[in-house]
Structure formats: C-alpha cells, structure tokens
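Engineer: quick one, structure for this:
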Amino acid sequence: MHEVEVRLTGWKIADAMAELRRWLDHHQCTPVNFNLSRAKNRVLIVSIQFNEANMAEAFRRDFGG
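Structural biologist: As a prediction, the model looks like this:
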C-alpha cells in the first residue's frame, strides 16, 4: 500500500470532498483508505492509501503533497 498525506490550506470540507471525489472518479480509482481531518489555521489534512504507486504519486502531484 502507498499512503499520501496532503494539507489543503483554506479549503472548506465540502469543497475538498467534492474535488477529491472528482479526482478519484476521473482517475477511476478507489482508495484503500481515506481520512480527512481539520488542523489549526483552516488546514485540512487528507490521508489516503492507494494500492498502486502510480496513483499515489499522481495524487501527491495534483494536490501538492
């Protein structure tokens, strides 16, 4: 498994969920595990696990992780 953690600053939870869902659907990808939590200063922490290394790397690249 390949885990990626990214921090999204200034995003609303609903907007983040919609954008993450669009990305996953576009890449026809179902993550193994997915967690979204809020940190200080309006930062959302997205932790997601993929079976494929190439999907993890693409997600990291596209969301700045």
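
Engineer: gap between stretch 34-49 and the chain center?
Structural biologist: Put simply, stretch 34-49 sits 9 Å off its chain's centre (Cα atoms, centre = their mean, to the nearest Å).

Engineer: tell me which residues are up against that stretch.
Structural biologist: Judged by Cβ atoms under 8 Å, 6 or more residues apart in numbering, the contacts made with stretch 34-49 from elsewhere in the structure are 1-11, 13, 16-17, 20, 31-33, 56, 59, 63. Backbone N, C-alpha and C define where each C-beta goes, glycine included.

Engineer: which members of these are classed as buried?
Structural biologist: Members of the contacts of stretch 34-49 that pass the buried threshold by neighbour count (16 or more other Cβ atoms under 10 Å) are listed as 2, 4, 6, 8, 11, 20, 31, 56, 59, 63.

Engineer: surely the third one and residue 60 touch.
Structural biologist: Yes: assessed by Cβ atoms under 8 Å, residue 6 is found in contact with residue 60 at 6.9 Å.

Engineer: for the residue nearest the centre of the chain, give the beta-bridge partners.
Structural biologist: Centrality entry for the chain: nearest residue to the mean C-alpha point is residue 46, 4.9 Å, by Cα atoms, centre = their mean. When bridges are called by DSSP bridges, residue 46 pairs up with residue 6, residue 36.
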